[in-house]
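Colleague: task: produce atomic coordinates for the following.
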Amino acid sequence: MGFTVQAIMRRLPIVVAPTLGGLAILRYGVQPGIRLGLAASGALALLTLVLVSRIRLDLPLPPRPWAYAASGRSLPHSLRWLLASDILVRACEGMAGVFIILYAMSMVKRLPHPHSARFWWGSRW
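Modeller: Down below sits the predicted model:
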């Protein structure tokens, strides 16, 4: 049960956020829509911090102290480079899609209204 809830909670924002963000940009324009999305993200982050701060877990004591820097230094040089590149790639992999969508929306001068037939069926109507 716990894995299922975690899997849904992790994937639900990935499905819902682009749709809501696109609708906000379509309805309010690029700059106000992005600002609305940023404000909504900030509000949800604050709500998450409040909810998580109320959770109290008893953590077991670790068997021995663990030093992050020492474990990083113990990795071979090639694995450290691989870790750094993996972190960089994962941090930047979603940026291209966002910029492509914003560029395409800036190239389209007039967006059709979402309730019109032209929006759903293209320019054939």
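Colleague: ok, residue 46 to residue 62 distance?
Modeller: To residue 62, residue 46 is 31 Å away according to C-beta to C-beta, to the nearest Å. For every residue, glycine as well, the C-beta is placed using N, CA and C.
Colleague: cool, residue 27 as well?
Modeller: 50 Å.
Colleague: residue 46 and residue 62 - which one has more neighbours?
Modeller: More crowded of residue 46 and residue 62, by other C-beta atoms under 10 Å: residue 46, with 10 against 7.
Colleague: retrieve the pLDDT associated with the more buried one.
Modeller: Looking at residue 46, its pLDDT is 96.
Colleague: give me the element it is part of.
Modeller: In the assignment (DSSP states H and E), residue 46 maps to helix 30-53.
Colleague: by contact count, what packs against the following helix or strand past that helix?
Modeller: Going down the chain from helix 30-53, the next helix or strand is helix 68-74, by DSSP H and E. Using 3 or more C-beta pairs under 8 Å, 6 or more residues apart in numbering; DSSP states H and E, no helix or strand is in contact with helix 68-74.
Colleague: after helix 68-74 comes which helix or strand?
Modeller: Note on helix 68-74: by DSSP H and E, the next helix or strand toward the C-terminus is helix 77-92.
Colleague: restrict the very next helix or strand once past that next one to CA atoms and write it as PDB.
Modeller: For helix 77-92, the following helix or strand on the C-terminal side (DSSP H and E) is helix 95-107. The C-alpha trace of helix 95-107 is given here as PDB (Å, rounded to 0.1, in the frame of the first residue of the first chain):
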ATOM      1  CA  MET A  95      14.800  22.700 -19.200                       C
ATOM      2  CA  ALA A  96      14.900  22.200 -23.000                       C
ATOM      3  CA  GLY A  97      11.200  21.100 -23.200                       C
ATOM      4  CA  VAL A  98      10.100  24.200 -21.200                       C
ATOM      5  CA  PHE A  99      12.100  26.600 -23.400                       C
ATOM      6  CA  ILE A 100      10.900  24.900 -26.600                       C
ATOM      7  CA  ILE A 101       7.200  25.300 -25.600                       C
ATOM      8  CA  LEU A 102       7.800  29.000 -24.600                       C
ATOM      9  CA  TYR A 103       9.600  29.700 -27.900                       C
ATOM     10  CA  ALA A 104       6.800  28.000 -29.900                       C
ATOM     11  CA  MET A 105       4.100  30.000 -28.000                       C
ATOM     12  CA  SER A 106       6.000  33.200 -28.600                       C
ATOM     13  CA  MET A 107       6.200  32.400 -32.300                       C
END
